[in-house]
Structures are given as structure tokens and as C-alpha cells.
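S.K.: build me a model:
(one chain, ligands or ions: 1)
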Amino acid sequence: MRRISIFGATGSIGQSSYDLIARAGGAEAFETVALTGGRNVALLAQMARQLRAKVAVTAHEDCLGDLREALAGSGVEAAAGQAAITDAARRPADWVMSAIVGNAGLAPSFAALGSGAILALANKESLVSAGKLLLARAGAAGATILPVDSEHSAIFQALHGEDRSALERVIITASGGALRDWPLEKLATATVAEASKHPNWAMGQRITIDSASMFNKAMEVIEAHEFFALTPDQIEVVIHPQSIVHALVGFNDGAVMAHLGAPDMRHAIGYALNWPARKTLPVARLDLAALGGLTFSAPDLARFPALRLCREVMATGGAAGAIFTAAKETALDAFIAGQIGFMDMAGVVESTLSRLTSEIAITDVPSALEQVLQIDHLTRVRTAELAAQMAQRR
Ligand code: NDP
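M.R.: Residues are numbered from 1 along each chain as shown. So this is what the prediction gives:
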């Protein structure tokens, strides 16, 4: 029986992964090694019971009592804390979904690779913060990383069977997010609620706000740079409001292969789950005539400064990706807390990058996960300071 684990099982990607696993036979077809979650202990316990998981882990020590209670009599072991999550990732499995949100997903992603599993990687922070280390670890352990971000899964699929040396460029599409049609001068006033309504995709709140600011797309550009070993000028971004074309790959003969599909993450997750096979998935089928038209336009960098910043991060290399990720997360926290405005997020991230350039050897590639985590910590402190200063000036 195939052994699987889901990290971040109670989130948007985690629940879609659970749905596909349950439809594919659940506990009768898979041996579930570990499921992890955060505060949604009731859902975690329910999933763990259904899949007869060996262990269920909550990230929060104060949730352990509730988790134990919810699992009473089930035979599922309960555990809590970040270290327990990473321990669970060390348990041998054949397929591991990495879908914890943010840099908390980094250590479990690394640990899961140690056992040579297929790592279905939704947690883009792992690649942006520590791409070179992660890929090296996968190589050393004989593990496979499959991208789960829809754009990267699309590129991966379009490249299947192709000669990599013929690849010229990739084009990543962006919906433009919740505030796409707002006038530029109004963006500074956008509230958390307004930035949290994605036009096409149902996702977690943080990634939805990151879509509106395009920090999500900026992360995806760096993710593509790291995962597919592309130069920055080989990666283009185009606004595509319908979210039907997920990415395109251009070859040296001028041909462009596009990946199309309904905006449903179960496609990319299912592809990774069944890889290298393709199996029937419960996603809507495209009706192009009903759609009528697909439109594309160039992103305006004044509206989306994150897209400019990601180019600077790639040009700098080294630790810049780790700083960018942690600064973006902290700036997002400050926006959600009402401390800074929507457009201030990019300013805070840019200031953090330039401040840390004078504090650490930013162009040096971190040599170990511990170093990435130290840089992450320092960045969060500095970004929080800058956000607090900005809040005082508002
Ligand atoms: P959600 O916010 O919906 O879910 C996050 C998951 O992580 C939940 O299980 C949550 O637990 C858990 N979690 C939260 N904080 C911690 C922590 N500190 N330690 C351990 N676990 C924690 O996120 P998404 O599913 O939207 O996204 C997950 C990842 O996938 C992100 O990296 C995102 O960028 C990426 N991604 C998401 C896509 C999407 O469509 N949603 C598309 C492509 C990539 P709980 O809810 O119980 O508190």
C-alpha cells in the first residue's frame, strides 16, 4: 500500500489533497503516515480518523489537549509543536504533500526529502527561501520534487518529453487578484477584506492577499527560476483574468505550449499524486465556446511593485530569496493587523532588503537550513521594526 502524509492537511491545499485521497479509496487504498494542521483540530482529527493515520500533529502545544480528546479511542497518535511536525516528516512515506503555509513549511519539506519520498511541493516558500539547498538535498536522497503550484505544474507538464535545451522561455499567468480593476490611486486604501476576495480561485486568506499584491506571482517567478533553473529573463508574467491558461512554455522553434484547465487546485495536486500516470480527476472540463474569449495583458509595475522586486531578488541571488520571503510574510502580517496599508507592503519589503544588504553577506548562498532560519528570524525582526516605523508615520 502506498504510504502518504499531508503537511497542512486542514488548509485549502490540504483539504483538496484529502478529498482526492478519499475519492481514490482513502484508508483502503493508502496507508496514511501523518497528517498535520494548526488550530483546526476538529477537522484534523476527523481526517485522521477517516484515513486511519498513524499520527496527527497540531502545530500548537495549547491545542494538544483538544486533539487528544478528539482522537480518543481512534488509535491515532496525537502530537504537538513544530518539532513534532518535523519528526512526523521524517517518518518514511512514499508521497508527501507539503502544504503548510509560510516558512513554517521549510523544515518539514527538508525532513520529508530525507526518506527519498516524492515531495508534492505546494509550499512555495521552501523553494524561494532555500531552493538550492532543497534541490541538493532531494538529489542526495534520490527524492523527487513535483511542483504543485498550478503554474509550475503546468510548466512541468508542458516540458514532459521535451528537449530541455530547446526551451526558450516560460510565461506565467496571473489573474491580477481581487483589486485588478481598481484605479492605481485607490489601491493604497484597500482593506484586508477587499484584498481577500479572489475572483477565480478559492484559496487561503494569505495567498489570496498575496495574489492581489502580486507578491504571490513574484514568489512564483523566483520559484520557477529555482525549480526549472531558468535565467530571470526567461520568465515572463502576463495578466490573464480568466485563470484558464496556467502557464505557457516557448521553444526555440517559436512554438508555444500552453496548459489550460479549470481553476481548481485538485488538477495540479492530482497530477502530482498520480504521477507519472494520468488518472481521471473530479475537475470541471473546459468548454471553450462557453468561455468565449481568453484575454492577456502586460502587468503594470507601478501597480505591482512586487514584480519588480522579484527581479532584484533573482539578480542578487544568495540569501535574497530567504529575506524576500520572510519580509513579505511579516509585511503581510502588518497589513492584516491594520498596521500598514496595502501598497506599503512592497515598500517595507524593499527597505528590508536594502537594510539587510548592509548587515549580512546577502549574495552568499546559505550553506544549511539552520542558516536560512537565522536569516528568516533576523529579517522578521527588521521588517517588523520598519513596519512599526511606517505605522507611526501614517
Ligand atoms: P491555508 O492557510 O489554507 O492552510 C495552511 C495550512 O498550514 C493549514 O493546515 C494550517 O493549519 C497550517 N498552518 C498554519 N500555520 C502553521 C504553522 N505555523 N505551522 C504548521 N502548520 C501551520 O494555506 P493554503 O492551503 O492556501 O496554502 C498552503 C501552501 O500552498 C502555501 O505555501 C501557499 O503559498 C501554497 N499554495 C496554495 C495554493 C492554493 O490554491 N491555496 C496554490 C498554490 C500554492 P490550520 O488551518 O489548522 O490552522
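S.K.: and the helix or strand harbouring A112, what other elements does it pack with?
M.R.: Assessed by DSSP states H and E, A112 sits inside helix 106-113. Secondary-structure packing of helix 106-113 (3 or more CB pairs under 8 Å, 6 or more residues apart in numbering; DSSP states H and E): strand 2-7, helix 82-90, strand 95-98, strand 118-121, helix 124-141, helix 369-393. Heads up, the C-betas are built off the backbone N, CA and C, glycines and all.
S.K.: what about the closest residue to the ligand within the chain, how many residues nearby?
M.R.: Using CB to the nearest ligand atom, the closest approach of the chain to the ligand is made by G11 at 1.9 Å. Close neighbours of G11, defined as other CB atoms under 10 Å, add up to 23.
S.K.: same question, R164
M.R.: When neighbours are defined as other CB under 10 Å, R164 has 8 of them.
S.K.: for T208, same thing?
M.R.: 19.
S.K.: the one 3 residues further on now?
M.R.: Using other CB under 10 Å, S211 has 25 neighbouring residues.
S.K.: cool, the one 4 residues further on as well?
M.R.: By the criterion of other CB under 10 Å, F215 has 30 neighbours.
S.K.: leaving out sequence neighbours, find the closest residue to it.
M.R.: Closest residue to F215 apart from its sequence neighbours, by CB to CB, 6 or more residues apart in numbering: A306 at 4.4 Å.
S.K.: next, the one you found: phi, psi?
M.R.: Dihedral angles of A306 (phi, psi; degrees, to the nearest 10) stand at phi -60, psi -30.
S.K.: in contact with it, which residues?
M.R.: Neighbour list for A306: 213-215, 217-218, 328, 345-346, 349 [criterion: CB atoms under 8 Å, 6 or more residues apart in numbering].
S.K.: and the pLDDT at it?
M.R.: You'll see A306 listed with a pLDDT of 98.
S.K.: ditto for P108
M.R.: pLDDT, read off for P108, is 97.
S.K.: ok now do I375, which residues does it touch?
M.R.: Residues in contact with I375, defined by CB under 8 Å, 6+ apart, are 319, 322-323, 326, 356, 360, 366.
S.K.: please narrow those to those residing in helices.
M.R.: Using DSSP state H, the subset of those located in helices is 322-323, 326, 356.
S.K.: most neighbours among these, which one?
M.R.: In terms of neighbour count, A322 stands highest of those at 30 neighbours, by other CB under 10 Å.
S.K.: who's in contact with it?
M.R.: Going by CB under 8 Å, 6+ apart, A322 touches 128-130, 366, 372, 375-376, 379.
S.K.: for the residue nearest to E77 when sequence neighbours are not counted, give me its contacts.
M.R.: Distances taken as CB to CB, 6+ apart put V55 closest to E77, at 4.3 Å, once the chain neighbours are dropped. V55 makes contacts with 33-35, 76-79, 88, 91, as judged by CB under 8 Å, 6+ apart.
S.K.: cool, T383 as well?
M.R.: Contacts of T383 by CB under 8 Å, 6+ apart are 326-327, 330-331, 334, 348-349, 352.
S.K.: check it and give its pLDDT.
M.R.: 98.
S.K.: how about JSON lines for the contacts of I375, with distance to the ligand added?
M.R.: Output for those, formatted as JSON lines (distance: CB to the nearest ligand atom, whole Å):
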{"residue": "A319", "distance to the ligand": "20"}
{"residue": "A322", "distance to the ligand": "15"}
{"residue": "I323", "distance to the ligand": "17"}
{"residue": "A326", "distance to the ligand": "13"}
{"residue": "L356", "distance to the ligand": "22"}
{"residue": "I360", "distance to the ligand": "24"}
{"residue": "P366", "distance to the ligand": "19"}
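S.K.: interface residues of the stretch 1-150 of the chain facing the ligand?
M.R.: 8-14, 37-40, 59, 85, 99-101, 104, 122-125, 149 (CB under 6 Å from any ligand atom).
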